[in-house]
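**Q** next one to model:
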Amino acid sequence: MASEFFSSPRVYFGNGSVNVLSRLNNKKVAIVTDEFMLTSGRTAYVTDQMPQATVSIYGKVRPDPGTDILLEGAAQFKAFRPDVIIALGGGSSLDAAKGIRVTLEDHYQQTGGQSKSIELIAIPTTSGSGSEVTSYAIISDPQNGRKFPLVSQALVPDTAILDSELVLSLPRHIAVDTGMDVLTHAIEALVSTGANDFSDALAEKAIAITWQSLPQIYADEKNVAARTHMHNASCMAGMAFNSAGLGLVHGMAHAVGGMLHIAHGKINAMLLPLVIEFNAAHASPETTARYCQCARMIPGIAPAEPQQMISQLVEKIRQLNLQFGIPRTLRELGTDLAVFETMRLSLTETALADGCTASNPYTPCRRDIDQLLSCIAETGEYPAPQFTVPVGISNRHVHLCREDMDVLFGYGSTLTCLKKVRQPGQFAAEETVTLRTPKGEIANVRVLGPLRSTTQIEISVADGFVLGVKAPVRMSGDLENSPGIELVGPKGRVSKSQGTIVAWRHIHISPQEAARYGLREGMEIDLEAQGQRAGILSHVLVRISAGAVLELHIDVEEANGLGLRNGDLVFRSGRGSHL
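**A** Model prediction:
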């Protein structure tokens, strides 16, 4: 399937890069900006680059612009008929300019019968939205307190100018909020369903730059190098998510931030660790790998199991938020939670319908969003599901090869299924044998199917006393130097020189579930049984196979010691893992 990575607009970057505007002399230039840009001299810094241009300025953009801003700005420029629109300011000014250009072009086409193409030049004065290189524009519905992401190729600027001179005086708290928006853009693009090689390269670089430069800006607002790098990272992250898409952080941030009037970067920062926890709890192996890829880029995160690496990533982001004074919860932010509760249904529906949610690596349902809203309101943490395993108790049994089956039950005989067991394709057979040694015997030992390449006898430690053999604790198939035994069937008997073991406690698990919980083949974990006879099962071996059904296999003695029955649940202990 063909994928697309757009390479426009043309990007100019570096201190003083606005001087490329000199080519607009003798052009009719409309500038869309806000009142602060006018009074602070930043607009003059831009117009000075094109002294011979004819300029009209619309300076009434407000945060979270609505359709009223688009219509008012377009109305001012209709008669002016600009050749170029310059968007100057933060994400709100850039988004407003995008909407104004489309509105104007549509007006000219409808009234004049001939389309007029207007060049759009985006000059961001904050390092956050990435709007200067994207096909997105966030337009608000002030009556209902909502934000709607518009997506259209017609919204992509023709030119982006990243002049670091314009961000040097940005206050620390705004630099932090917008910088956390950059980090969110990059991480969400990296794990998005639309991620690709090109978006990955930009997202990874944006993460690395942001993690290094944003704390430097917080420590020293006048750090020119850090400001410059952060401005570039914002653009890179914008290119990444414009290609790959975003995710649930933005889907919820548009809803919560819009209705509760929280700065976009701040609510993104608050939601980011929470949504990572949510996605990781439901992650595919690929998503888990991508979060680990992100974690490996962060200084101080030690190599570990996948879920532990993701937990470290989440904790690092929370520490960064704490360093920047960004609260964990809406309660900590000072939000009126009674008002928040009246919005819960609308927030849920809006987040689900948001276009950014569609490219989240896991598709949430209403119940998921509702739970996440409760988390961001009160705890700031997602209660990941605990790893629990149903118990499967194995009595003594025998696995037979074809040759021994023929001797014990007759040539060409087949096993008759008595009862299927949980693992696909396996069953307890109606056929039984007697285990016999010179010191004792045990009758009616069940045969398990299907037939195997090698005969294997699995007994308990107590059975070993009855039979007078010392069977080693082994994994299935590890039969070398194990004691032999005689098998007696209705048609004959077989003496085995080896093959008798006590089964090593183990779990069966599919590759998908193993990846979700950070388990690897051959790993040993500790499982905890609860109840009156609570205890720890240490050194439980992990066995991963396609199609496996999650189940713990222990023998009758172990089950009795812990008071366990088939189907009971045991929990992963916090005591750690063993390789």
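**Q** for F36, give its distance to D404.
**A** 87 Å (C-beta to C-beta, to the nearest Å). Where you see a C-beta, it was placed from the backbone N, CA and C, and this is true even at glycine.
**Q** neighbour count winner among these two?
**A** D404 (23 against 15; other C-beta atoms under 10 Å).
**Q** could you say which helix or strand holds that one?
**A** Assessed by DSSP states H and E, D404 sits inside helix 402-409.
**Q** chain center to that helix: distance?
**A** Using C-alpha atoms, centre = their mean, to the nearest Å, the mean C-alpha position of helix 402-409 is found 53 Å from that of the whole chain.
**Q** can you name the next helix or strand after it?
**A** Next along from helix 402-409, by DSSP H and E: strand 417-420.
**Q** what packs against that following strand?
**A** Contacts defined by 3 or more C-beta pairs under 8 Å, 6 or more residues apart in numbering; DSSP states H and E place strand 417-420 against strand 427-437.
**Q** the helix or strand following the strand it packs on: partners in the sheet, and parallel or antiparallel?
**A** The helix or strand immediately downstream of strand 427-437 is strand 440-452, counting by DSSP H and E. When pairing is defined by DSSP bridges, strand 440-452 lines up against strand 397-401 (parallel), strand 427-437 (antiparallel).
**Q** what's strand 440-452 in contact with?
**A** 395-402, 405, 415, 417-418, 421, 425-429, 431-435, 459, 463, 466-468, 488 (C-beta atoms under 8 Å, 6 or more residues apart in numbering).
**Q** now do 6 Å
**A** Strand 440-452 has contacts (C-beta atoms under 6 Å, 6 or more residues apart in numbering) with 396-402, 405, 415, 427-429, 431-435, 466-468.
**Q** quick check on these: which are buried?
**A** Among the contacts of strand 440-452, the ones that count as buried by 16 or more other C-beta atoms under 10 Å are 396-400, 405, 415, 427-429, 431, 433-435, 467.
**Q** let's have the strands paired with strand 440-452 in TSV, adding distance to S192 and mean pLDDT.
**A** Output for the strands paired with strand 440-452, formatted as TSV (distance: least, C-beta to C-beta, whole Å; pLDDT from 0 to 100):
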stretch	distance to S192	mean pLDDT
strand 397-401	47	97
strand 427-437	44	97
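**Q** in TSV: the ones you listed, plus distance to R344.
**A** Putting the strands paired with strand 440-452 into TSV (distance: least, C-beta to C-beta, whole Å) gives the following:
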stretch	distance to R344
strand 397-401	54
strand 427-437	49
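**Q** pLDDT below threshold where in this structure?
**A** Residues of the chain meeting the criterion pLDDT under 70: 1-8, 112-115, 142-147, 385, 574-579.
**Q** residue at max distance from the center of it?
**A** Outermost residue of the chain with respect to the C-alpha centroid, by C-alpha atoms, centre = their mean, is P438; its distance is 60.7 Å.
**Q** what's the spacing between that residue and G468?
**A** 7 Å.
**Q** burial count for L451?
**A** Per other C-beta under 10 Å, the neighbour tally for L451 reads 17.
**Q** now the one 3 residues further on
**A** Each residue near T454 was counted by other C-beta under 10 Å, and the total is 15.
**Q** now do the contacts for it.
**A** By C-beta under 6 Å, 6+ apart, the neighbours of T454 are C401.
**Q** shouldn't it be within a helix?
**A** No. Counting by DSSP: H, G, I helix; E, B strand; the rest coil, T454 is located in no helix; its state is coil.
**Q** ok, which of the strands paired with strand 440-452 comes nearest I85?
**A** strand 427-437 (72.6 Å; C-beta to C-beta).
**Q** with just CA atoms, put that closest one into PDB.
**A** The C-alpha trace of strand 427-437 is given here as PDB (Å, rounded to 0.1, in the frame of the first residue of the first chain):
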ATOM      1  CA  PHE A 427      -6.600 -33.500  25.800                       C
ATOM      2  CA  ALA A 428      -6.900 -36.100  28.500                       C
ATOM      3  CA  ALA A 429      -7.400 -39.500  27.000                       C
ATOM      4  CA  GLU A 430      -9.700 -42.300  28.100                       C
ATOM      5  CA  GLU A 431      -6.600 -44.600  28.000                       C
ATOM      6  CA  THR A 432      -4.600 -45.300  31.200                       C
ATOM      7  CA  VAL A 433      -1.500 -47.200  32.100                       C
ATOM      8  CA  THR A 434       0.200 -48.600  35.200                       C
ATOM      9  CA  LEU A 435       3.500 -47.300  36.400                       C
ATOM     10  CA  ARG A 436       5.600 -50.100  37.800                       C
ATOM     11  CA  THR A 437       9.100 -50.500  39.500                       C
END
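**Q** compute the inter-axis angle for it and helix 402-409.
**A** Taking axes from the mean of the first three to the mean of the last three C-alpha atoms, to 10 degrees, one finds strand 427-437 and helix 402-409 inclined to each other by 70 degrees.
**Q** residue closest to the middle of the protein?
**A** N279 (4.3 Å).
**Q** quick one on the thing from earlier: for the buried ones among the contacts of strand 440-452, which one is nearest L120?
**A** Set against L120, the nearest of these by C-beta to C-beta is F427 (68.3 Å).
**Q** ok, that closest one - contacts?
**A** Contacts of F427 (C-beta under 6 Å, 6+ apart): C417, K420, G449.
**Q** tell me the buried residues in stretch 344-352?
**A** L347, T348, T350, A351, L352.
**Q** from the chain's centre, how far out does that stretch sit?
**A** On C-alpha atoms, centre = their mean, the centre of stretch 344-352 falls 20 Å from that of its chain.
**Q** do the same with stretch 390-400
**A** The answer for stretch 390-400 is 38 Å, by C-alpha atoms, centre = their mean.
**Q** list the contacts of it.
**A** Residues contacting stretch 390-400 (C-beta under 6 Å, 6+ apart): 422, 433, 445-448, 451-452, 455-459, 463, 551-553, 555-556, 559, 564, 566-569.
**Q** present the buried residues of stretch 344-352 as a markdown table; the columns should include distance to Q386 and secondary structure.
**A** Formatted as a markdown table, the buried residues of stretch 344-352 follow (distance: C-beta to C-beta, whole Å; DSSP: H, G, I helix; E, B strand; the rest coil):
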| residue | distance to Q386 | secondary structure |
| --- | --- | --- |
| L347 | 28 | helix |
| T348 | 25 | helix |
| T350 | 31 | helix |
| A351 | 26 | helix |
| L352 | 27 | helix |
